[in-house]
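A.B. asks: need a structure here:
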Amino acid sequence: MEKARRTSSPSWTAAVALVSLFAVAGVAAAGAPPPRRILVDTDMDTDDLFALLYILKQDRSQFDVKAITISANAWIDAGHGVDQLYDILYMMGRDDIAVGVGGDGGISEAGEIHPDVGGYLPLIDQGYYMWDSFAAGVAFSSMRNGDANGANDFAELEYMNITVITSNKPYGVRDGSNPFFDGRATPKFGLKVGGVHSGHVQTGIGDSFCLVPGSNAGRCQDGYTKEVTGSEGVRVRVATSAKPNPVYNSAFDREFSKNFLEVLNLAKQAGRFNISTQFPYYREVLYKPDFINVSRGKPVIFDMDMSPGDFVSLIYLLKAPREVIDLKGVLVNGNGWANIASIDIIYDILHMMGRDDIPVGLGNTTAMGNPTLGCNNVYAIPLGSGGFIDSDTLYGLARLLPRSPRRYTPESTDDPEHRQPLAFEVWQSVRRQLGPGDKITLLTSGPLTNLANISLSDRDASSVIERIYVVGGLIRDGGHEKGNVFTVPSNRYAELNMFLDPLAAKTVLESNLNITLIPLTMQRKAASFRAVLDAFEQTRQTPESNFVQELLSLLKDLRSKKKLYHHVDIFLGEVLGAVYMVQGSDLKSTLKVKRISVLADTMKSTDGQIVISKQSTKLVHVLSDFNVEIYYNRLANSLTNKKQSAIVASFEEQKAIWSRPPNNSGPGHNRFL
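C.D. replies: I've put the predicted structure just below:
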């Protein structure tokens, strides 16, 4: 368990009673009973937020919340969940509560349980009900009335012998799907041969065993809770039904619904403030550049998957002279290094740099050719350290950035004008703005999903694309250099951006588009933390260069001290693509033309590999050499240039702005720079 803040010092004793989403520890003492000390375990979905507020409003003389742990493998990515939780605790005046996050371990295919379980991504039922809030109410009522056989104010309770189904009938038939039994003389965990855990285990969404021919329904029950007899079950007190509201014609049909609102409306232990009361002069300002009488360079779209290196590249592009690069839009891949909700970090960086005029488009969350609920190769990205939890918080530094008024907004809101645009919509918008003879240059630094979808949806896209700079790929041309898909050892020669969506890579790289490839071999040449940080030390500083240095210094330290971060130098290498696109002629670079083909055969061991093919008609330009010392100096000099520097340096500066009266127009205005 990663500890996100300090833990409480007293040890917890006595039995633990588990009720839905949280565990409860009770302590007996002589005389007046002390408050029950509570550990809450949550996946931070929407109704968990309501449940947490309900829990935090309970009488502390009876219930004392000591810690909250977050699961990394359910409704929310733990990186977003932990920040939301800290905000709630801060609002409620409970910064004393310890917070822990899981995510680095899991259960292997062989059935071995590793520490910090959190490595499995389940399918989630999209229905909504305040179940977790209700479960919290049932739990607190049981504790208040006596755990064992006390009455409950909100539910009918009874004891049952239950288990969670992990396999399907016929039981005892070994077909290679069940790691607890297959290939073992003795079943794992002492499970019973022929018991409810000894059958077929669902292997995925499209498992043919689970599909009923001619029907949309399935027959597998993995994950179901079932009442059983014998040693494979455990005796648990179960809430079988919610008690109705005894008040006839009430707006609340359940007794708990009324209590839930009553508790939240109690004046005692109320929240301290919201954003507008925390900052008396809070206002939302959009910063946009004034392009009057400004010569603008070639139109560019940046397609990124929000890895740490992509954010450095974004800042670099925003610093490039506008007469050279005119960044028109940013597209976001949802099947790369970060959860799609991290799009808010892009908005924050654009706001910091005074570029709230740049649209950001949301791409697909699944690889090309996969169903909406498919996950294909995304399992290659770790959930925990060095993976999603760190990318989604930008390694804990995202909260240093000023907050943009622009945020992700779902389509179902009452304000469709501010709905989050899709990647294809941003592409169409940029294309409509092109002048006569203008063409778009694209830089991609992630899976090629967005670009493949654009090329298939807009058949005439190639007519307005000047060139695509693709950061990714490792060309197998007789050398011995290995790829970087470190979580899939069987695939020795693929690069992650290609592996995460091999069909999209094949669609784009083998198309008639003009492609310049920045391969993994060149990225590795540009991946020295020490060299780039030394280059920064020789220059002046700007707010944006300070932020980049802090991020790169943190990655360097983590890589040198923690095994789980051995791979983070790949993020630094990605920045080469942006610098080469803008200043390639200054880097003493060399290009080679090669005939390539991309393997996209759904085989883990070969997916995403790029090979030389004499039969291929596709020629791509491949960066084969450059002067690395010049590269580091160009990168550092660009980021430390005082021109086009940050408008609001940090969240600390923004808080100071929100704490004093404005000296211009009121909230909600645009400021042209």
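
A.B. asks: least confident secondary structure element in the protein?
C.D. replies: Lowest mean confidence among the helices and strands of the chain (mean pLDDT, DSSP states H and E): strand 16-19, at a mean of 32.

A.B. asks: low pLDDT regions in the stretch 51-200 of the chain?
C.D. replies: Within the stretch 51-200 of the chain, the ranges that satisfy pLDDT under 70 run 73, 103-131, 147-150.

A.B. asks: go again with 90.
C.D. replies: 67-83, 99-136, 139-140, 142-151, 157-158, 163-166, 172-174, 179-180, 182-197 (pLDDT under 90).

A.B. asks: tell me which stretches of it form strands.
C.D. replies: 63-70, 98-101, 155-164 (DSSP state E, counting those that start in this stretch).

A.B. asks: show residues contacting the last one.
C.D. replies: Just to be clear, that refers to strand 155-164. 134, 138, 141-142, 196-197, 223-230, 232-243, 256 (Cβ atoms under 8 Å, 6 or more residues apart in numbering). From N, CA and C alone the C-beta is placed, and that goes for glycine too.

A.B. asks: so how do I select the buried members of those in PyMOL?
C.D. replies: Burial among the contacts of strand 155-164 is assessed by 16 or more other Cβ atoms under 10 Å; the matching PyMOL selection reads:
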select buried, resi 134+138+141+142+196+197+232+233+236+237+239+242+243+256
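
A.B. asks: among the strands of the stretch 51-200 of the chain, which is nearest residue 622?
C.D. replies: Nearest to residue 622, of all the strands of the stretch 51-200 of the chain, is strand 98-101, at 40.8 Å by Cβ to Cβ.

A.B. asks: partners of the closest one, with directions?
C.D. replies: Strand 98-101 has its sheet partners listed here by DSSP bridges as strand 2-3 (antiparallel), strand 63-70 (parallel).

A.B. asks: dump the ones you listed to CSV, plus distance to residue 152 and mean neighbour count.
C.D. replies: Converted to CSV, the strands paired with strand 98-101 look like this (distance: least, Cβ to Cβ, whole Å; neighbours: other Cβ atoms under 10 Å):
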stretch, distance to residue 152, mean neighbour count
strand 2-3, 34, 15
strand 63-70, 16, 22
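
A.B. asks: right, and residue 392 touches residue 82 too?
C.D. replies: No - the pair residue 392 / residue 82 is not scored as a contact, 9.3 Å apart, by Cβ atoms under 8 Å.

A.B. asks: on that earlier part again, out of the strands paired with strand 98-101, which comes closest to residue 208?
C.D. replies: Nearest to residue 208, of the strands paired with strand 98-101 and by Cβ to Cβ, is strand 63-70 at 35.5 Å.

A.B. asks: how about residues contacting that closest one?
C.D. replies: 1, 7-8, 12, 35-44, 52, 55-56, 78, 81-82, 85, 89, 94, 97-102, 140, 143.

A.B. asks: quick one, which of those residues are buried?
C.D. replies: 1, 35-44, 52, 55-56, 78, 81-82, 85, 89, 97-102, 140, 143.

A.B. asks: hang on, residue 239 is in a strand, isn't it?
C.D. replies: Yes - counting by DSSP: H, G, I helix; E, B strand; the rest coil, residue 239 is part of a strand.

A.B. asks: ok, now which ones touch it?
C.D. replies: 135, 138, 152, 155, 156, 157.

A.B. asks: now do 7 Å
C.D. replies: 138, 155, 157 (Cβ atoms under 7 Å, 6 or more residues apart in numbering).

A.B. asks: what pairs with the residue nearest to the second one when sequence neighbours are not counted across the strands?
C.D. replies: Spelled out, it's residue 155. Nearest non-adjacent residue to residue 155, counting by Cβ to Cβ, 6 or more residues apart in numbering: residue 239, 3.9 Å away. Under DSSP bridges, the beta-bridge partners of residue 239 are residue 157.

A.B. asks: any idea how far residue 67 is from residue 239?
C.D. replies: 24 Å (Cβ to Cβ, to the nearest Å).

A.B. asks: tell me which residues in stretch 639-648 are buried?
C.D. replies: So stretch 639-648, judged by 16+ other Cβ under 10 Å, has buried residues 639, 640, 641, 644, 645, 646, 647, 648.

A.B. asks: please apply the same query to stretch 273-286.
C.D. replies: Buried, per 16+ other Cβ under 10 Å, within stretch 273-286: 279, 282, 283, 285, 286.

A.B. asks: contacting residues for the closest residue to residue 224 other than its chain neighbours?
C.D. replies: Nearest non-adjacent residue to residue 224, counting by Cβ to Cβ, 6+ apart: residue 165, 4.5 Å away. Neighbouring residues of residue 165 by Cβ under 7 Å, 6+ apart: 196, 221, 222, 223, 224, 226.

A.B. asks: number of residues surrounding the residue nearest to the third one when sequence neighbours are not counted?
C.D. replies: Yep, that's residue 222 we're talking about. Of all residues not flanking residue 222 in the chain, residue 202 sits nearest, at 4.5 Å (Cβ to Cβ, 6+ apart). The tally of other residues near residue 202 (other Cβ atoms under 10 Å) stands at 18.

A.B. asks: confidence score at residue 202?
C.D. replies: At residue 202, the pLDDT value in this model is 90.

A.B. asks: again, but for residue 407
C.D. replies: 91.

A.B. asks: work out for me the element it sits within.
C.D. replies: Counting by DSSP states H and E, residue 407 is held by no secondary-structure element, helix or strand.

A.B. asks: not counting its neighbours along the chain, what's nearest it?
C.D. replies: That would be residue 344: by Cβ to Cβ, 6+ apart, it lies 5.4 Å from residue 407.

A.B. asks: centre-most residue in this structure?
C.D. replies: residue 339 (2.2 Å; Cα atoms, centre = their mean).

A.B. asks: ramachandran angles for the residue lying closest to that one once chain neighbours are set aside?
C.D. replies: Once flanking residues are discounted, residue 339 sits nearest to residue 77: 4.2 Å by Cβ to Cβ, 6+ apart. Here is the backbone geometry of residue 77 (degrees, to the nearest 10): phi -70, psi 140.

A.B. asks: run a quick neighbour tally on residue 77.
C.D. replies: 25.

A.B. asks: pull up the gap between residue 488 and residue 271, please.
C.D. replies: With Cβ to Cβ as the criterion, residue 488 and residue 271 are 46 Å apart.

A.B. asks: who has more neighbours out of the two?
C.D. replies: Neighbour comparison, residue 488 and residue 271: the larger count goes to residue 488, with 18 against 15 (by other Cβ under 10 Å).

A.B. asks: roughly how far apart are that one and residue 77?
C.D. replies: 21 Å.

A.B. asks: and residue 481, by the same measure?
C.D. replies: Taking Cβ to Cβ, one finds residue 481 at 32 Å from residue 77.

A.B. asks: residue 432 too?
C.D. replies: In terms of Cβ to Cβ, residue 432 sits 34 Å off from residue 77.

A.B. asks: same question for residue 589.
C.D. replies: Where residue 77 is concerned, residue 589 sits at a distance of 38 Å (Cβ to Cβ).
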